[in-house]
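> This is the structure alone, sequence omitted:
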């Protein structure tokens, strides 16, 4: 961005004073608008997000975060928190405010005896999985390896192991968090239980999570996988058959179905690249040797276009779609929870998919139940425990000229499916930040009041309240 364009961004805080206070107290780098790394530092994974913070504080540890929170209390800027910088809504960066950037906080320590892991707030799932897999251990994580562990977990965390092991937030043992008063607290089942409850699915705005501790489970390094592309012409039949199969599969499998396109992978036949298809996928969380038989029903729904199933390393399957969701691409996502997939819902889904604006865009149905459903709706801030399906509408594109078209398609598709949905919305797939704020009832359900009380108790002045402090 040119200096001329930077000059038109209205200043809302004493930016020089804020930067000076941070430089006096941080060990990490402080990046203001004049810094040569400013444009690179303000970028996040989603290229649709183009925001211009006043200052970025790159924190090397909890002490730096405490100093940054202190500066925020003194100068009252809008505050955003960057972990992995991957969240769709782009809440990791704000206009004219302070970005508390945890990306340097990359420590990961595995306890292979106790099957637990501690990780810094800037760790991504690929980095966590790499360390855990040294000991044949894993936990429910993001389906794109560059996803940050913190934001993913705080929103609940749906992944390919959730029917077996629960959501990411269900595997959270404790969290180190700097709250608005500058105190470093440990939230767990033993300490600050109310805050721990809220951190498991309550999303952003509770403080700065500087460290997370997870339960791990034996899995890998080889896992049995199903990954099948079926002809798009059979989509209606496949949707009906898949939903029936899902109900009969054991909890060791978390099946997914996507209305998508065959990726342009050089290992796949060139004539199929970007051809519309129905993709069915799953990982067996049981023994790799017997997993193929358990996954077989997902491979027998129709005559496949491509069947890429087999034994694969867990690390490979967890990063397999990374090239299809590159940093700098443009993304927008909405979601519904559904109790069933009735015929009219399938018809509406296919009608909207026929209008899909780009081959990169997709509609994904994730199966839930299992360990997710065995946690009560009010036991964590994540309330969507009983619905067996989540449907996400994922717009992806590259050309900025398609912004309105792609976002409009995702919103139209979401509205077309409202009448078939349970009324719940996944906070991590809820559109932009202001949309999540408007959909609080749908996002948090009956937990909204308790969550608001916890926020008020730990942040009475609204330091981290993105809704009230948005410029």
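Thanks, I have the structure now. It should be emphasised that the depicted structure is a prediction, and the values quoted were computed from it without experimental measurement.

> C-alpha only now, for contacts and for neighbours.
Fine.

> Could you list the buried residues of stretch 127-135?
For stretch 127-135, burial by neighbour count (16 or more other C-alpha atoms under 10 Å) applies to 127-133, 135.

> which regions of the stretch 301-450 of the chain sit below the pLDDT cut-off?
Within the stretch 301-450 of the chain, the stretches with pLDDT under 70 are 433-437.

> where along it do the strands fall?
306-307, 310-313, 330-338, 362-367, 389-397 (DSSP state E, counting those that start in this stretch).

> now swap in the stretch 101-250 of the chain and tell me
Under DSSP E, counting those that start in this stretch, the stretch 101-250 of the chain gives strands at 108-111, 116-120, 137-138, 172-178, 184-188, 208-215, 217-218, 222-231.

> Any chance of the strands of the stretch 301-450 of the chain in a markdown table with distance to residue 240 and mean neighbour count as columns?
Formatted as a markdown table, the strands of the stretch 301-450 of the chain follow (distance: least, C-alpha to C-alpha, whole Å; neighbours: other C-alpha atoms under 10 Å):
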| stretch | distance to residue 240 | mean neighbour count |
| --- | --- | --- |
| strand 306-307 | 20 | 16 |
| strand 310-313 | 24 | 17 |
| strand 330-338 | 14 | 26 |
| strand 362-367 | 12 | 23 |
| strand 389-397 | 13 | 25 |
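
> can you list the strands of the stretch 101-250 of the chain in TSV and add mean pLDDT?
TSV is the format used below for those (pLDDT from 0 to 100):
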stretch	mean pLDDT
strand 108-111	98
strand 116-120	98
strand 137-138	98
strand 172-178	98
strand 184-188	98
strand 208-215	98
strand 217-218	98
strand 222-231	97
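
> Give me whichever of those is most buried.
Highest mean neighbour count of the strands of the stretch 101-250 of the chain: strand 137-138, a mean of 26 (counted as mean count of other C-alpha atoms under 10 Å).

> on contacts alone, who are the packing partners of that strand?
Using 3 or more C-alpha pairs under 8 Å, 6 or more residues apart in numbering; DSSP states H and E, the elements in contact with strand 137-138 are strand 217-218.

> just to revisit the earlier point, turn the strands of the stretch 101-250 of the chain into JSON lines, columns for distance to residue 399.
Shown next, in JSON lines, are these (distance: least, C-alpha to C-alpha, whole Å):
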{"stretch": "strand 108-111", "distance to residue 399": "37"}
{"stretch": "strand 116-120", "distance to residue 399": "35"}
{"stretch": "strand 137-138", "distance to residue 399": "37"}
{"stretch": "strand 172-178", "distance to residue 399": "38"}
{"stretch": "strand 184-188", "distance to residue 399": "43"}
{"stretch": "strand 208-215", "distance to residue 399": "34"}
{"stretch": "strand 217-218", "distance to residue 399": "41"}
{"stretch": "strand 222-231", "distance to residue 399": "27"}
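
> Break this protein down into its structural domains.
The chain breaks down into these domains under automatic domain parsing: 3-104, 108-219+447-459, 222-445.

> Minimum distance to residue 465: which of the ones you listed has it?
Between residue 465 and the domains of the chain, the tightest spacing by C-alpha to C-alpha is seen for domain 108-219+447-459, at 5.5 Å.

> can I assume residue 108 is in contact with residue 118?
Yes - using C-alpha atoms under 8 Å, residue 108 is in contact with residue 118, at 5.7 Å.

> Now for the residue nearest the centre of the chain: which residues touch it?
Centroid-nearest residue in the chain, with C-alpha atoms, centre = their mean: residue 152, separated by 4.1 Å. By C-alpha atoms under 8 Å, 6 or more residues apart in numbering, the residues touching residue 152 are 87, 141-142, 168, 428.
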